[in-house]
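1. Give me the fold of what follows.
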Amino acid sequence: MTDDSDAQSFTFPITIPIIISMVLMSVTLSQPFSSAAFWGSMLPFSSPIIMITRIPFHVPWWEQILSMFILFLSAMAMVYVAAKIYRVGILIQGKKVSFKEISKWIFY
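-> Numbering: from 1, shown residues only. The predicted structure follows:
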């Protein structure tokens, strides 16, 4: 990034899932065994927040293991995608980074 405004445009999509997780956390506290709480604890972007909220309500162990497994697999997939972006992006120096360029680098 060349300046702060470019960096802020890339942080906004990252903060949206966190905000959604915080809203879903209030639903989880009132109904910890609802389907919204279950699926929120399985989705990788919200599982660290939602599953921690559900654990005091004695969630079955298999749900906790499944949530950790999905989170681990998605983290490994994101490391692979980030490595691919870095590998392709580092070779194309001098270009301004945009979402369009990143999507090209992922599928290059």
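
2. Please identify the buried residues of the longest helix along the chain?
-> As assigned by DSSP state H, the longest helix anywhere in the chain is helix 61-91. Going by neighbour count (16 or more other CB atoms under 10 Å), the buried part of helix 61-91 is 63, 67, 71, 85, 88-89. For the C-beta atoms, the positions are set from N, CA and C on the backbone; glycine is no exception.

3. by contact count, what packs against that helix?
-> Judged by 3 or more CB pairs under 8 Å, 6 or more residues apart in numbering; DSSP states H and E, the packing partners of helix 61-91 are helix 35-42, helix 47-54, helix 99-106.

4. mind checking which of those is nearest Ile19?
-> helix 47-54 (10.7 Å; CB to CB).

5. May I see the buried residues of the closest one?
-> In helix 47-54, counting by 16+ other CB under 10 Å, buried: 47, 49-51, 53-54.

6. rewinding a little: out of the helices and strands packed on helix 61-91, nearest to Thr15?
-> Here helix 47-54 is closest among these (CB to CB), at 13.1 Å.

7. what packs against that closest one?
-> In terms of contacts (3+ CB pairs under 8 Å, 6+ apart), helix 47-54 is packed against helix 4-30, helix 35-42, helix 61-91.

8. Perfect, I'm done here.
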